[in-house]
Structure formats: C-alpha cells, structure tokens
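In: coordinates only, sequence not included:
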C-alpha cells in the first residue's frame, strides 16, 4: 500500500467511527417514563427502550 491508500483507509475508518458515534448517541438518550413513580420505573423504561 502506498501513502495515499493508507491515508484513504484511515479517513474511511474515521468516517465509519463518527457514524457509529452518532448512532450510539441516539441510542443512549434519556427515556421519559410513561408514569413517573421513581427510580425503578425509569430503569424499566430504559429496558423497554432497549428491547424495542
């Protein structure tokens, strides 16, 4: 591989990593529970979001 090919490979990897970061940020946003009962309800709401 020459210098340009290596550079392009790094740029491709950076772009893919940035895309994954954006996806993970969407998945880790806070969840508003339907019924605010307390900590257990929030944990359950988070579990529901992960499943669906």
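Out: Looks like it arrived, so ask away. The shown structure was predicted, so the numbers you read here are calculated from the model rather than taken from an experiment.

In: use CA for all of it now, contacts and neighbours both
Out: Fine.

In: biggest helix in the chain by residues?
Out: The residue-count maximum for a helix in the chain (DSSP state H) belongs to helix 3-27.

In: could you check how far that helix is from the centre of its chain?
Out: Distance of helix 3-27 from the chain centroid (C-alpha atoms, centre = their mean, to the nearest Å) equals 14 Å.

In: just use 38 as the starting number from now, easier for me
Out: Sounds good: first residue 38 from here, last item helix 40-64.

In: which other residues reach it?
Out: In this structure, no residues lie in contact with helix 40-64 by C-alpha atoms under 8 Å, 6 or more residues apart in numbering.

In: and it, what's its mean pLDDT?
Out: Averaging pLDDT along helix 40-64 yields 94.

In: in that helix, what counts as buried?
Out: Of the residues in helix 40-64, none count as buried by neighbour count, 16 or more other C-alpha atoms under 10 Å.

In: work out which residue lies at the spatial centre of this protein.
Out: residue 61 (0.5 Å; C-alpha atoms, centre = their mean).

In: any idea how far residue 69 is from that one?
Out: 18 Å (C-alpha to C-alpha, to the nearest Å).

In: ok, now residue 44?
Out: Residue 44 is 43 Å from residue 69, by C-alpha to C-alpha.

In: quick one on the thing from earlier: what distance do you get for the residue nearest to the centre of the chain to residue 68?
Out: From residue 61 to residue 68 the distance is 14 Å (C-alpha to C-alpha).

In: what's the answer for residue 83, then?
Out: Here residue 83 is placed at a distance of 6 Å from residue 68 (C-alpha to C-alpha).
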